[in-house]
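Asks: Have a look; sequence and predicted model below, questions after that.
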Amino acid sequence: MIKKICLVTLLGFGSFIQANEARDIAQKVYDRDDGKTIIQDMKMILIDKNNNQRIREIKTFGKDFGKDDYRIMFFKSPADVKDTAFLTYDYDDASKDDDQWLYLPALKKVKRIPTSDKSSSFMGSDFSYYDMTKRSVDDYTYKIMKHTQVRGHDTTMLESLPVNEDVIEESGYVKTIGLVREDIDMVVRSIGFMKNGDRKYLDVTKMHKQEGIWVVDEMVMTTKQGKATLHKTILQFENIKVNKPIDDDVFTTRRLEKGL
Amino acid sequence: MLGRFFLLSLLVTTLAVADDADAFMDGFDEEPLSMVVQPQKEESRFSLSDYGIEGKFKQEFAYSYQNDAPHDRFSSLRTSLFLEYNRDLWKSFKFKINGNGFYDLSYKMKGEEEFTKEELNALQSEVELFDAYIQGSITDDLDIKLGRQVIVWGKSDTIRVVDVLNPLDNRRPGMVDIEDLRLSTTMAKFDYYYDNWDIAPVIILEQREDKNPPFGGDFNPSPVKQPLQKKPNDVTYALNISGEFTGFDLDFYYANIYPNFEFYPRTDVNIESKINMYGAAIAYVYGSLLVKGEAAYMQNYKFLQTGDEKFDRLDMLLGFEYNGIADTTVSLDLANKRFVNTNSFKKDNYQGAFRITSDFKNATVHLNYLVSAFGDTFDGGGYQRAWIEYDASDSIKTTLGVVDYLKGNSFFDAISDNDMLFYDISYSF
């Protein structure tokens, strides 16, 4: 009996230490310095299962205003979305809804828009709105699965389980497995297990260090059903500038309408 | 023994999880992405967009269910070309000009002699200059936009309450969606930015009439020609003060203008007499819900049949837009337009519009449904339209839809036989 209690205690204590360690890794990923400002050209390549491709080109600006993040995106191509622009004020305070405005050249007006369902596709891509935002560390419980290598770098395989149904509803994921590069605290690969049984594979294929900050040059998100690929999205970033001064006026509805 | 068994179980479970994870890891593609991305267009290839010119070629088909000649069967076989030229000028100034030309072959095919001169003039062919303006910043706080342009006021996308500055293209009601509804007008718009506020006076330099269904056309049930009205060609003024705050936008409007022809509920507005419009609008966000409110007080309306007598009208709108369903937007707008100082005609006119749009297949397929109805219980006529859009590629798009005109008042009763199927295909360059 004493032996049994010892084993259970040891096992429980071990799990507790491992859970804390896993959460620390998640916290480090969240806290990683990603710069105060960023300017970049984004090319979004959408590839269907027949390898038909559509390409969207977007110019993006982002800036940290204290704890709040402001971002503005200008669509440059294709023709039917050219001059569309999207402005968002992402507030750190969870009780405050994000402020978002959209300029639609067809409607010729700046329009305030409510927050979309986070599992909605971001511009028809394999990325959802949820994938484009930082995940709250407290929304998940974590477990280290193993240590492995990705492209020659040591990584920790971390399993994240949503703490409740609300998080599953919001994100569309029932589980995530992430591979965190141990030297730079970045997720370089992840698998999202979706409610409908599909899986989304995120692979950061190119990145570089600039001004002391690691930035992504290229990543791909692939939606799979079993082993079959349903759709794929490649995001390529060019002309990346980190921590360069950006005028506050860039993040206004005035700029939405005026464009680049 | 029990402990040993427990440890063994734990080891087996851990190994199973690792195997499971490794199996999932096989889902990553290892080949370089350059293998899956098609090569880009050759740099040397000639492209109009390199010279700031863009455009769209469109072929439209509309098949009418009605049996009454000459508007039966193929009621439209319209070929159109839209061209746009953009150029950056000095400093932050830009120049934009665009226009559209179309030719409808159906009139030739059916025999032009079957149609009225007015219908042929309005719908057989057209070349229309849309936007032609210069836009830029005079100072850090002051912008100007001068030339032919559209200025959209208000928060509703479907029902117009404070959106009074531009005339409308009413020639094919129910067939034209919001983006093609307004006609550009020559105006000078200034925007002065102060803190969260934008103060925007507007000088309207050109007075344009709406484009209405021509005499003899399938959307003009009148057996006689309507009297011709022409707005005086003087300068009118308007002002918009708008503020943006955390969670909501607020707008105030004033306009001293010539009214537009109102297709419904009154088609007999005297557009040669100015009105005053005092308005306000708000958009408030609550999670995935956007609540919209608009109000406008219109002074000094005149009607053709009531001589010099003037009437005031209060328009109110309440609208909702919901984005809480994945890849779907649902909106509902309800409006009341009330004549406040008359017993001459019906005081209250109600309008409702419900719209749902949903994207599928990575936003290559878009399903849309819109119903717009009038009357106290929305039984006073209107239309419903359902259409599906398919993006075959970035440049080729097709649309297939159906319009159903709903009976309920004399106007919609008269045009209710015009239900039609429509299809169009466009190529953007």
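Replies: Sure, I can see it. Numbering: from 1, shown residues only, chains lettered A, B, ... in the order given.
Asks: Can you list the strands that the helix or strand encompassing B:Leu334 pairs with?
Replies: B:Leu334 is located in strand B:328-339, with elements delineated by DSSP states H and E. Strand B:328-339 pairs in its sheet with strand B:311-325 (antiparallel), strand B:348-360 (antiparallel), by DSSP bridges.
Asks: In CSV, list those strands along with mean neighbour count and mean pLDDT.
Replies: Yep, even glycine has a C-beta here, placed from its N, CA and C like the rest. Shown next, in CSV, are the strands paired with strand B:328-339 (neighbours: other C-beta atoms under 10 Å in any protein chain shown; pLDDT from 0 to 100):
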stretch, mean neighbour count, mean pLDDT
strand B:311-325, 19, 95
strand B:348-360, 18, 95
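Asks: Adding distance to B:Asp157 as columns, could you present those in CSV?
Replies: Formatted as CSV, those follow (distance: least, C-beta to C-beta, whole Å):
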stretch, distance to B:Asp157
strand B:311-325, 8
strand B:348-360, 8
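Asks: so which of these gets nearest B:Asp141?
Replies: strand B:311-325 (31.4 Å; C-beta to C-beta).
Asks: would you put the C-alpha positions of the closest one in CSV?
Replies: This file holds the C-alpha atoms of strand B:311-325, laid out as CSV (Å, rounded to 0.1, in the frame of the first residue of the first chain):
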residue,chain,number,x,y,z
PHE,B,311,-43.9,68.5,-46.5
ASP,B,312,-41.5,67.2,-43.9
ARG,B,313,-40.5,63.6,-43.5
LEU,B,314,-38.7,61.7,-40.7
ASP,B,315,-36.8,58.6,-41.8
MET,B,316,-35.6,56.1,-39.2
LEU,B,317,-33.6,52.9,-39.7
LEU,B,318,-32.5,50.2,-37.4
GLY,B,319,-30.1,47.5,-38.7
PHE,B,320,-28.2,44.5,-37.6
GLU,B,321,-25.2,42.7,-39.1
TYR,B,322,-24.0,39.4,-37.6
ASN,B,323,-20.6,37.8,-38.4
GLY,B,324,-20.7,35.1,-35.7
ILE,B,325,-21.2,32.2,-38.1
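Asks: which residues are contacting stretch A:181-191?
Replies: Stretch A:181-191 is contacted from outside by A:25, A:28-29, A:31-32, A:147, A:150-151, A:153-156, A:176-180, A:199-204, A:207, A:214, B:24-25, B:27-28, using C-beta atoms under 8 Å, 6 or more residues apart in numbering or on different chains.
Asks: cutoff 6 Å now
Replies: A:28-29, A:32, A:150, A:153-156, A:176-180, A:199, A:201-204, A:214, B:24 (C-beta atoms under 6 Å, 6 or more residues apart in numbering or on different chains).
Asks: ditto for stretch B:125-143
Replies: Taking C-beta under 6 Å, 6+ apart as the rule, stretch B:125-143 contacts B:92-103, B:144-149, B:184, B:191-193.
Asks: Show me the residue at the heart of chain B, geometrically.
Replies: B:Ile178 (1.3 Å; C-alpha atoms, centre = their mean).
Asks: Identify the residues contacting it.
Replies: B:Ile178 neighbours (C-beta under 6 Å, 6+ apart): B:Asp157.
Asks: What of B:Ala296?
Replies: B:161-162, B:277, B:279, B:315.
Asks: lowest-pLDDT helix or strand in chain A?
Replies: Counting by mean pLDDT, DSSP states H and E, chain A has its least confident helix or strand at helix A:2-31, which shows a mean of 71.
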